[in-house]
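*Asks:* what follows is a predicted protein model with its sequence.
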Amino acid sequence: QVPRAPSQPLASSESRRFSNKHSKKALKASLTLGILLGMFFVAWLPFFVTNVAQAVCGCVPAGFFDVLTWLGYCNSTMNPIIYPLFMRDFKRAMGKFLPCCRRAGEPRPSAISLSMRNSNSGPRAATSLKNVL
């Protein structure tokens, strides 16, 4: 018989804790995606169905079609509100770039750091056009 190491129960509880944390994140991501897709379908599906019906039979009143179009537009305006409510990473990213969402102690990113971050390149030695060609 091989004696059991005392750290084995700890490892299993630690893996269980990691599994719980991972499943909670997956559940929250699924919930967020479900809410976003559900709102998208509720807002835009009637518009697309009506659009096809209008093309086939021409029996859709213009006012009703306008209401369905604006329902879709309302969904598009709700997305910037829904994303920060349910996604912490999105909220952090917006806090870095929008002055209204930034915390008091966070420094404002400079235009140079933003352009370097967006160009996927770090600081480089000066490169002339001759060296590139």
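*Replies:* Everything's here; your move.
*Asks:* what segments of this structure are strands?
*Replies:* Counting by DSSP state E, the chain forms no strands at all.
*Asks:* what about residue 26, how many neighbours?
*Replies:* When counting by other C-beta atoms under 10 Å, one arrives at 10 neighbours for residue 26. For glycine as for every other residue, the C-beta is placed from the backbone atoms N, C-alpha and C.
*Asks:* can you tell me which residues contact residue 51?
*Replies:* Applying C-beta atoms under 8 Å, 6 or more residues apart in numbering to residue 51 gives the contacts residue 65.
*Asks:* so what pLDDT did it get?
*Replies:* Residue 51 is assigned 93 on the pLDDT scale.
*Asks:* where's it relative to residue 64, distance?
*Replies:* 12 Å (C-beta to C-beta, to the nearest Å).
*Asks:* the closest residue in space to residue 84 that isn't next to it in sequence and residue 52, how far apart?
*Replies:* Leaving aside its chain neighbours, residue 84 sits nearest to residue 91 (4.5 Å; criterion: C-beta to C-beta, 6 or more residues apart in numbering). Going from residue 91 to residue 52 by C-beta to C-beta gives 38 Å.
*Asks:* now swap in residue 23 and tell me
*Replies:* Residue 23 is 40 Å from residue 52, by C-beta to C-beta.
*Asks:* with residue 21 instead?
*Replies:* According to C-beta to C-beta, residue 21 and residue 52 sit 45 Å apart.
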